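Chemist: sequence first, predicted coordinates after that:
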2 protein chains.
Amino acid sequence: MTDQLPRRPARISDVARLAGVSLGTVSHALNHPSRVRPATLERVNDAIRELGFVRNANASTLATGRSTNIGMVAIAFGNSMFVDIARGAQRVARNAGYNLLLAGSEDSYDTQGQFVQFFDEARVAGLLLAPMEDSSEHVDRMASHGRPVVLMNYDGPEDACRVVVDNEQVGYLAARHLIERGCRRITVFGGGDQFQPVQLRRRGIARAIEEAGGAVEVDAVTTDGLTPAAGEAAVAPIAAAAPDGRPDGLLCLTDAIAVGAIRGLQAAGVDVPGDMLVMGCDHNTQSWDGDVTLTTVAMRGLEIGETAMGLLLEELTTPASEHAHRRVVVEPRLEVRSSTTR
Amino acid sequence: MTDQLPRRPARISDVARLAGVSLGTVSHALNHPSRVRPATLERVNDAIRELGFVRNANASTLATGRSTNIGMVAIAFGNSMFVDIARGAQRVARNAGYNLLLAGSEDSYDTQGQFVQFFDEARVAGLLLAPMEDSSEHVDRMASHGRPVVLMNYDGPEDACRVVVDNEQVGYLAARHLIERGCRRITVFGGGDQFQPVQLRRRGIARAIEEAGGAVEVDAVTTDGLTPAAGEAAVAPIAAAAPDGRPDGLLCLTDAIAVGAIRGLQAAGVDVPGDMLVMGCDHNTQSWDGDVTLTTVAMRGLEIGETAMGLLLEELTTPASEHAHRRVVVEPRLEVRSSTTR
DNA sequence: TTGAAAGCGCTACCAG
DNA sequence: CTGGTAGCGCTTTCAA
């Protein structure tokens, strides 16, 4: 309410003058309060309060060469897994006295690179990176500047610690669930086989099918991407087929695809789950806007984030020569909802 | 792959030495390339590439007193509306040459304050703030340091630009929808009346009821918070009542409450939407994990974010004396799904 | 316990 | 067009 003019923020020297001490003493009061006589400390703190002094973190980082900021670049926070990861990482970071800064690359490798560059310029202490493709280039850049990187949800050749989801198991759990629910003709919807998670999920599906020992027939359809639109387009021929000419289970390699597929089926009068069971993979709440809730295989985002930040902090406090990169695997979890329940 | 030792990052002076020019020239090459002879520019760029030089943004911000970073503090990115807001804001910011840094306050006023402080220390150019309660304190602090703040989704006494959702309309649309679908006995679930959106939604509900001219009976139940657990607890007596002793429509003031309520009803054998229509407000995808999809009144997050960032940029480029704070209202949108469709 | 001063890396002004 | 140089605000020796 007070109509404060946007005056130049107070500096340490202003505080020093008001408190009647030297600039160095104020800095000491800020950073090593115990080395300052209580009475002096109090005068300094009064002056700080009176001036509304807020320390300039840029100058501070510049002078010390240290930063308590950690950056996180994720594919897209619209995918709720990354929100969970961020929450987990945030919590661990704050407990250790670090701040976590978030940036979403919105599915673009270029944007991801820009954010990595940004955090590099900001001289963050380290980086959490959830890439969509091989990002050695970005990782190396940070690493060569002494900024450790921990990869999340991606298993690449990069020389860094990483926390990965067992995506083979994701596929396995999904396929086994459909089989257990009675499906004998399963169609797999997926595209973008350049993406590692997709490949691994396919492998897990194959394992489940094999375990079923010939009882189950599988068919793979390559969708044009991993989006709802891709799912809807790919499902058209299936939706149009005669009841006995179509699969009884549809396994979509992402939730987004599944949502589109369900929409397409319903539009053609095929009931889900009545006529066909459908499930997704990855627990992406953003895609849940149809009118059937989706069975999916979820990632434990919180756990991924906590673990990744733990690894990063470990690397930050260990002499580089003693650090050995580690790889932690987090298991997925099946979440059954109405699209496979009848 | 190359085992680069984490050597001290190159500085401008290193680049200058390698390129055989002065430090000032390198700086010029970086910031005003047109003022440098092309041949020189090229030598500088070669040196930059060779050394893997990355400019220190802290030193840069310190020297110029300017920053191209903008902070955004939102209640929680688990609520997808804030993710949408961030996406919208991000896009506008990047087009204008700014970076948007995200932080989630996780429903805590203290945490929110810490992030505001953090961005203040980082000397960001401005701040986007989506608070849960009156935050004059935080807004004033930033404003008094010459950092404009734009509020989102909150209409308080703060002296700042703001983008708000017409929450009265949210309540109105919700109630009218239930009435149009035939409900004549509506129960409203909500708690936390200290929260402004909640109050406004109630007012809109009242307007819709009034319009119905006595045809509709309303009952209000105060839940213990705005969570699924609160909804589930509050619904117990209703679920236990005889069919003719219970409402035919349940209007929950948040999606989270609605999800819990549906869970409670189903557990007691009350079918949604068969026996009772249920709807939420606020389009929070995180809460959609039941097995009925939720009709809700959604906020236009992208639009909120774009508008807010637009206002901030405007304020950033207008002399303070000429700037007049503005208030923009964004209309909500009804999204009908299965919890009110039979 | 406090003060003085050097320097972190960069920008921008002013000379040449 | 290029070089020299004075800070930006803070931290951190080193002396007093």
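Modeler: Looks like it came in fine. Residues are numbered from 1 along each chain as shown, chains lettered A, B, ... in the order given.

Chemist: for the rest of this, base every contact and every neighbour count on C-alpha atoms.
Modeler: Will do.

Chemist: how far away is the residue nearest to the spatial centre of chain A from residue A:89?
Modeler: With the centre of chain A defined as its mean C-alpha position, the nearest residue by C-alpha atoms, centre = their mean is residue A:82, 3.0 Å away. From residue A:82 across to residue A:89, the span is 10 Å (C-alpha to C-alpha, to the nearest Å).

Chemist: cool, residue A:28 as well?
Modeler: Applying C-alpha to C-alpha, one obtains 31 Å for the distance of residue A:28 from residue A:89.

Chemist: equivalent analysis for residue A:270, please.
Modeler: In this structure, residue A:270 lies at 42 Å from residue A:89, with C-alpha to C-alpha as the measure.

Chemist: likewise residue A:171?
Modeler: Spatial separation of residue A:171 from residue A:89 under the definition C-alpha to C-alpha is 26 Å.

Chemist: neighbour-wise, which of the two wins?
Modeler: Per other C-alpha atoms under 10 Å in any protein chain shown, whichever of residue A:171 and residue A:89 has more neighbours is residue A:171, with 30 against 27.

Chemist: check contacts around that one.
Modeler: Counting by C-alpha atoms under 8 Å, 6 or more residues apart in numbering or on different chains, residue A:171 touches A:200-205, A:253, A:281.

Chemist: and it, what pLDDT?
Modeler: Reading off the confidence values, residue A:171 has pLDDT 97.

Chemist: now do residue A:285
Modeler: In the prediction, the pLDDT value recorded for residue A:285 is 73.

Chemist: burial count for it?
Modeler: Using other C-alpha under 10 Å, residue A:285 has 22 neighbouring residues.

Chemist: and the gap between it and residue A:237?
Modeler: Using C-alpha to C-alpha, residue A:285 is found at 27 Å from residue A:237.

Chemist: look up how far residue A:43 lies from whichever residue of the stretch 101-250 of chain A sits closest to DNA strand C.
Modeler: With distances taken as C-alpha to the nearest atom of the strand, the stretch 101-250 of chain A approaches DNA strand C most closely at residue A:121, which sits 8.5 Å away. Distance check for residue A:121 against residue A:43: by C-alpha to C-alpha, it reads 37 Å.

Chemist: still on that earlier bit, OK, contacts around the residue of the stretch 101-250 of chain A closest to DNA strand C?
Modeler: Listed by C-alpha under 8 Å, 6+ apart, the contact partners of residue A:121 are B:54-58.

Chemist: repeat the analysis, applying 6 Å as the threshold.
Modeler: Counting by C-alpha atoms under 6 Å, 6 or more residues apart in numbering or on different chains, residue A:121 makes contact with B:55-57.

Chemist: measure residue A:65 to chain B for me?
Modeler: Noted for residue A:65: a distance of 10 Å to chain B, by C-alpha to the nearest C-alpha, to the nearest Å.

Chemist: any idea of the pLDDT on that residue?
Modeler: 91.

Chemist: repeat for residue A:291
Modeler: The predicted local distance difference test score for residue A:291 is 68.

Chemist: now the one 10 residues further on
Modeler: According to the per-residue confidence, residue A:301 scores 94 in pLDDT.

Chemist: that one: neighbour count?
Modeler: The number of residues packed near residue A:301 is 25, by other C-alpha under 10 Å.

Chemist: which parts of the stretch 51-200 of chain A sit against DNA strand C?
Modeler: A:59, A:62-65 (C-alpha under 7 Å from any atom of the strand).

Chemist: in chain A, which spans are helices?
Modeler: A:12-19, A:23-31, A:38-51, A:57-64, A:80-95, A:109-121, A:136-144, A:167-180, A:196-211, A:228-240, A:255-267, A:301-316 (DSSP state H).

Chemist: among those helices, which is the most enclosed?
Modeler: When these are scored by mean count of other C-alpha atoms under 10 Å in any protein chain shown, the highest mean neighbour count falls to helix A:255-267 (a mean of 26).

Chemist: tell me what angle it forms with helix A:228-240.
Modeler: When axes from the mean of the first three to the mean of the last three C-alpha atoms, to 10 degrees is applied, the directions of helix A:255-267 and helix A:228-240 differ by 40 degrees.

Chemist: what's the neighbour count on residue A:104?
Modeler: Each residue near residue A:104 was counted by other C-alpha under 10 Å, and the total is 25.

Chemist: how about the stretch 201-342 of chain A: which residue is closest to DNA strand C?
Modeler: The minimum distance from the stretch 201-342 of chain A to DNA strand C, using C-alpha to the nearest atom of the strand, falls at residue A:316 (18.9 Å).

Chemist: mind checking how far that residue is from residue A:115?
Modeler: When C-alpha to C-alpha is the yardstick, residue A:316 and residue A:115 sit 21 Å from each other.

Chemist: can you check residue A:236 too?
Modeler: Plainly put, residue A:236 is 39 Å away from residue A:115 if you go by C-alpha to C-alpha.

Chemist: number of residues surrounding the closest residue to residue A:215 other than its chain neighbours?
Modeler: The spatial neighbour of residue A:215 that comes closest, neighbours along the chain excluded (C-alpha to C-alpha, 6 or more residues apart in numbering or on different chains), is residue A:184 at 6.7 Å. The local packing count at residue A:184 equals 19, with neighbours defined by other C-alpha under 10 Å.

Chemist: got a pLDDT number for residue A:184?
Modeler: We have a pLDDT of 97 for residue A:184.

Chemist: correct me if wrong: it contacts residue A:216.
Modeler: Yes. With contacts defined as C-alpha atoms under 6 Å, residue A:184 counts as touching residue A:216 at a distance of 4.6 Å.

Chemist: fine by me, thanks again.
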